[in-house]
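Novice: Give me a model of this one.
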Amino acid sequence: MAQYNFENARKRSELYRNIREYFLSRDYLEVETPTLSADLIPEPTIDNFGTTFINEFLGSSEQYLIPSPEVFMKRLIASGSGSIFQISKCFRNCEQVGEIHNPEFSMLEYYTVDFDENDSASLTEDFLKKTAIMDCCPSVLESWVKMSVREAMIKYADTDIETLQSASALRSHALEKGFHIPGPESWEDTFNRIFCTLVEPSLPVDRPVMLYDYPRQIKCLALEKGFYRRRWELYINGIEVANCYCEETSSEKVKSYYDEEYSRLVQQRADNGKVIPDVDSSYYEVFDTFPPCSGVAIGLDRLLMAETGAKDIKDVLLFPLQI
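Specialist: Next comes the predicted model:
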């Protein structure tokens with residue numbers, strides 16, 4: 001007979017109750033959006049699950065399991081919902097299945113109108129302390145270490161990305177540091193080689209670490225600021241748990257992002273059999289009425305791991321992936 005960790009299931013229930021109380025007391029609207037969608041935001045680095053809707057009268061159409069609820073929540077923000085939050089199931093394909101990965105996972109996503117990324121950082125630090133479960137591991141509750149990605153790259157990888165802005169310059173630097181690069185690759189891919197090998201494993205684990213100002217070469221729907229994008233990620237116990245954007249509000253820039261990223265996605269997946277999701281070519285029009293805001297996404301399975309001290313994501317899931 002299967003063994004289920006009901007103690008951690010109770011702790012998940014406690015955490016979710018605390019989350020809802022936290023946001024509802026601050027006048028956020030809790031929303032529920034679909035996990036099955038006819039279109040997705042084009043993200044070449046995230047592989048998708050696809051399926052087919054079949055109906056005797058309506059015919060058939062391709063549908064996709066969402067990798068995050070962003071595509072729907074931004075429509076609500078643009079329509080005047082005000083600040084919103086949601087606990088949802090999300091799905092990402094072709095990722096490693098291991099101690100911190102499961103292809104189906106739980107996410108908390110919240111958008112705060114008239115906030116920027118710094119406001120969201122203050123809110124999230126307060127949120128972690130006030131929603132923590134009883135007997136939460138102390139490292140989760142410590143004050144954050146805050147450093148820019150540039151500072152982290154200099155400190156842990158002896159690499160100043162501001163002086164290595166071209167793909168060729170960064171590649172040459174990586175080769176000098178002993179990295180093996182088998183063929184041509186983008187600036188982003190070389191950055192990730194260095195970052196994942198030298199920086200992530202070196203981050204402090206005795207308290208949460210916020211890395212802010214991500215390189216502008218890593219495309220996303222966060223506002224640009226010089227060499228960087230107004231984005232941060234949060235690590236707890238050395239594991240990425242949350243990310244935040246000061247959201248892009250220009251419909252013109254969103255359209256450009258969609259066009260470029262979808263073209264890159266199709267090019268990458270055309271010959272490997274991976275799902276190529278449909279995108280809404282008019283989605284950019286949502287941003288004609290999109291207010292200034294900041295969005296945060298938190299992986300709840302990983303957060304629960306950090307709070308309980310679990311070493312494997314299976315310890316906080318009643319039904320992890322079965323193959």
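
Novice: Relative to residue 46, how far out is residue 270?
Specialist: Per CB to CB, to the nearest Å, residue 270 is found 17 Å from residue 46. Every residue, glycine included, has its C-beta placed from N, CA and C.

Novice: Specify which residue of those two has the higher count of neighbours.
Specialist: In this comparison of residue 270 against residue 46, neighbours counted by other CB atoms under 10 Å, the higher total goes to residue 46 at 18 against 10.

Novice: what about the helices in the stretch 151-300 of the chain?
Specialist: For the stretch 151-300 of the chain, the helices defined by DSSP state H, counting those that start in this stretch occupy 167-176, 187-194, 251-269, 300-308.

Novice: tell me, how many neighbours does residue 141 end up with?
Specialist: Using other CB under 10 Å, residue 141 is surrounded by 15 other residues.

Novice: which ones are touching it?
Specialist: Going by CB atoms under 8 Å, 6 or more residues apart in numbering, residue 141 touches 128-129, 132.

Novice: Relative to residue 87, how far out is it?
Specialist: Per CB to CB, residue 141 is found 21 Å from residue 87.

Novice: residues contacting residue 300?
Specialist: Contacts of residue 300 by CB under 8 Å, 6+ apart are 12, 15-16, 87, 105-108.

Novice: If we use 6 Å, what do you get?
Specialist: With contacts defined as CB atoms under 6 Å, 6 or more residues apart in numbering, residue 300 is in contact with 106, 108.

Novice: where does it land on pLDDT?
Specialist: Looking at residue 300, its pLDDT stands at 98.

Novice: ditto for the one 3 residues further on
Specialist: At residue 303, the model reports a pLDDT of 98.

Novice: Find the nearest non-adjacent residue to it, please.
Specialist: The spatial neighbour of residue 303 that comes closest, neighbours along the chain excluded (CB to CB, 6 or more residues apart in numbering), is residue 241 at 5.5 Å.

Novice: Pretty sure the one you found sits against residue 234.
Specialist: Yes - Residue 241 lies in contact with residue 234 (CB atoms under 6 Å); the separation is 5.4 Å.

Novice: Can you show me the strands along the stretch 51-200 of the chain?
Specialist: Assigned by DSSP state E, counting those that start in this stretch, the stretch 51-200 of the chain shows strands spanning 59-65, 84-91, 104-113, 145-148.

Novice: Mean neighbour count, these: which tops it?
Specialist: Of all the strands of the stretch 51-200 of the chain, strand 104-113 has the most neighbours on average by mean count of other CB atoms under 10 Å, namely a mean of 21.

Novice: For it, which strands pair with it and how are they oriented?
Specialist: strand 84-91 (antiparallel), strand 293-299 (antiparallel) (DSSP bridges).

Novice: Make CSV out of the ones you listed and add distance to residue 69.
Specialist: Listed next are those as CSV, based on distance: least, CB to CB, whole Å:
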stretch, distance to residue 69
strand 84-91, 5
strand 293-299, 9
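
Novice: among those strands, which is nearest residue 162?
Specialist: strand 293-299 (24.7 Å; CB to CB).

Novice: pull the CA atoms of the closest one into CSV?
Specialist: Written as CSV, here are the backbone C-alpha positions of strand 293-299 (Å, rounded to 0.1, in the frame of the first residue of the first chain):
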residue,chain,number,x,y,z
CYS,A,293,2.1,46.9,-11.8
SER,A,294,4.4,44.3,-10.5
GLY,A,295,3.9,40.5,-10.6
VAL,A,296,5.4,37.8,-8.4
ALA,A,297,5.3,34.0,-8.9
ILE,A,298,6.2,31.6,-6.1
GLY,A,299,6.7,27.9,-6.5
